[in-house]
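> Below are the sequence and a predicted model for it; my questions follow.
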Amino acid sequence: MDGGGRLSRSVGSLRPQADLKMAARGAGILLRERLAPLERSVSALKNRKAPEREPSTSKLVIFIERYVPRRVGIAATLLMLAGSVGFGVVKGEHVDEVVEAFMDTRNAAANAAGFRISSVILNGRKQLTQDEILAIGGINGRSSLLFVDAAAVRDKLKANPWIADANVLKLYPDRLQIDVTERTAFALWQEEGKLAVIADDGAVLENYVPSRFVKLPLVVGKGADAAAKDFIALLDRYPQVRAVTKAAIYVGERRWNLRLNDNLDIRLPENDVGNALAMLSKLDRDDRLFSRDIVAIDMRLPDRLTVRLSEEAAKAREEQFKAQDKAKKKAGAA
């Protein structure tokens, strides 16, 4: 029958599918053989019991395990990390930078909330500029009114020698008022060859002399800064002496000498200085004392006034006396 031929073709057409099934079955068997050791290892790990720890004999460890919550260890670790970071900041001398960054961030947040300083009312300023006063108080463009410490700003301002007193007011939400009382330049003070500008209370305002202060009265010597106010007030009562005085020199922190414009030195007494100045005024008015050829006047003794002539004047006076003696001798011989 020709049906055998058809059967033969049918079997031939199914053979490739049977081969594929056999190959897949063989691969599965091979894969299971290769993975068998891994499966046994995983199974062993699952079935293995955790080893029992031997009980600790340390009382501290027993106390911690029994009473301290488990998450405390995490907190302690975080605390140690924070401490390490803090130690690194301090050791590396970055504290100021970290604090400044924190303050800038804080101020930026407050400024964004509407507390930026938009205007500053400044009263009492004379010598210092507004920028100088704000810089002294630590106020800058990043400062927020919310975090301005008025007491701290006031202390910073009062620490400046030019500012005798200050008051700081925060006017919410965005205004700052600063009232200052400035010191006034009173005199120039010289000690050990160094010049400074001082106030009437002796506070040193500048350690150099700006050109606008060169005509201030000059006081010299240790302690002259503190004693200058009373002495110059007394000297001002005698304008004839005051007008020709170049410097007042404090001697031994107890009495004054005057150096006049022509380098005439006047040694004043320790006490009753007013009467000595009055006498000088009268002598100059009546006898033109300050125009004489003299280099020093000593008034330290209460009952006398000693005058020292210049070398030229002393020599001329000596020759005058000699001439008078010769004239007397000739007159006696005649």
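Cool, got the structure.
> all strands of the chain, in order?
In the chain, the strands defined using DSSP state E lie at 119-123, 163-171, 175-182, 185-191, 194-199, 204-206, 218-220, 245-251, 255-260, 265-267, 294-298, 306-309.
> Of the ones you listed, which is nearest residue 111?
Evaluated over the strands of the chain, closeness to residue 111 peaks at strand 175-182, with 13.4 Å, by Cβ to Cβ. C-beta here means a position set from N, CA and C on the backbone, and glycine is covered the same way.
> hang on, the earlier thing: out of the strands of the chain, deepest packed?
strand 218-220 (a mean of 22; mean count of other Cβ atoms under 10 Å).
> for that one, packing partners?
Applying 3 or more Cβ pairs under 8 Å, 6 or more residues apart in numbering; DSSP states H and E, we find strand 218-220 packed against strand 185-191, helix 224-235, strand 245-251.
> tell me which strands and helices the longest one is in contact with?
Contacts defined by 3+ Cβ pairs under 8 Å, 6+ apart place helix 224-235 against strand 185-191, strand 218-220, strand 245-251, helix 273-287.
> would CSV of the ones you listed with distance to residue 104 be doable?
Output for the helices and strands packed on helix 224-235, formatted as CSV (distance: least, Cβ to Cβ, whole Å):
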stretch, distance to residue 104
strand 185-191, 37
strand 218-220, 47
strand 245-251, 50
helix 273-287, 59
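> Could you save these as a markdown table and add columns showing mean pLDDT and distance to residue 299?
Formatted as a markdown table, those follow (pLDDT from 0 to 100; distance: least, Cβ to Cβ, whole Å):
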| stretch | mean pLDDT | distance to residue 299 |
| --- | --- | --- |
| strand 185-191 | 97 | 23 |
| strand 218-220 | 98 | 19 |
| strand 245-251 | 97 | 13 |
| helix 273-287 | 95 | 5 |
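> Including distance to residue 157, could the strands of the chain go into CSV?
Shown next, in CSV, are those (distance: least, Cβ to Cβ, whole Å):
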stretch, distance to residue 157
strand 119-123, 11
strand 163-171, 4
strand 175-182, 6
strand 185-191, 18
strand 194-199, 16
strand 204-206, 15
strand 218-220, 28
strand 245-251, 31
strand 255-260, 35
strand 265-267, 42
strand 294-298, 47
strand 306-309, 51
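> out of those strands, nearest to residue 143?
Closest to residue 143 of the strands of the chain is strand 175-182 (Cβ to Cβ; 8.5 Å).
> residues in contact with the closest one?
117-128, 133, 137, 139, 145, 148, 153, 157, 162-171 (Cβ atoms under 8 Å, 6 or more residues apart in numbering).
> With only the CA atoms kept, save stretch 301-316 in CSV.
In CSV, the C-alpha atoms belonging to stretch 301-316 read as follows (Å, rounded to 0.1, in the frame of the first residue of the first chain):
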residue,chain,number,x,y,z
LEU,A,301,60.6,128.6,94.7
PRO,A,302,57.6,130.6,96.0
ASP,A,303,59.6,133.7,97.1
ARG,A,304,61.8,134.2,94.0
LEU,A,305,62.0,134.1,90.3
THR,A,306,65.3,133.0,88.7
VAL,A,307,66.2,133.9,85.1
ARG,A,308,68.9,132.3,83.1
LEU,A,309,70.3,134.3,80.2
SER,A,310,71.5,133.0,76.9
GLU,A,311,75.2,132.6,76.4
GLU,A,312,75.4,135.7,74.2
ALA,A,313,73.3,137.7,76.7
ALA,A,314,75.4,136.5,79.6
LYS,A,315,78.6,137.4,77.9
ALA,A,316,77.3,140.9,77.0
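> Pull out the buried residues from it.
Under the neighbour-count criterion of 16 or more other Cβ atoms under 10 Å, stretch 301-316 has residue 309 buried.
> Now do that stretch: everything it contacts.
With Cβ under 8 Å, 6+ apart, stretch 301-316 has contacts from 269, 272, 279, 292-299, 317.
> again, 10 Å this time
264-265, 267, 269, 271-272, 275-276, 279-280, 283, 289, 292-300, 317-318 (Cβ atoms under 10 Å, 6 or more residues apart in numbering).
> worst-scoring helix or strand of the chain, pLDDT-wise?
helix 3-47 (a mean of 53; mean pLDDT, DSSP states H and E).
> what's near enough to touch residue 129?
The contact partners of residue 129, taken as Cβ under 10 Å, 6+ apart, are 122, 135.
> Could you check the helices and strands packed on strand 218-220 and tell me which one is nearest residue 211?
Minimum separation from residue 211 across these (Cβ to Cβ) falls at strand 185-191, 12.3 Å.
> Pairing partners for the closest one, with directions?
Each strand paired with strand 185-191, and its direction, by DSSP bridges: strand 194-199 (antiparallel), strand 218-220 (parallel).
> From residue 288, how far out is the closest residue to residue 251 other than its chain neighbours?
Distance criterion Cβ to Cβ, 6 or more residues apart in numbering; nearest residue to residue 251, sequence neighbours excluded, is residue 257 at 5.7 Å. For residue 257, the distance to residue 288 equals 21 Å [Cβ to Cβ, to the nearest Å].
> Likewise for residue 262?
Where residue 288 is concerned, residue 262 sits at a distance of 12 Å (Cβ to Cβ).
> So which of the helices and strands packed on helix 224-235 is nearest residue 212?
Ranking these by proximity to residue 212 (Cβ to Cβ) places strand 185-191 first, at 8.4 Å.
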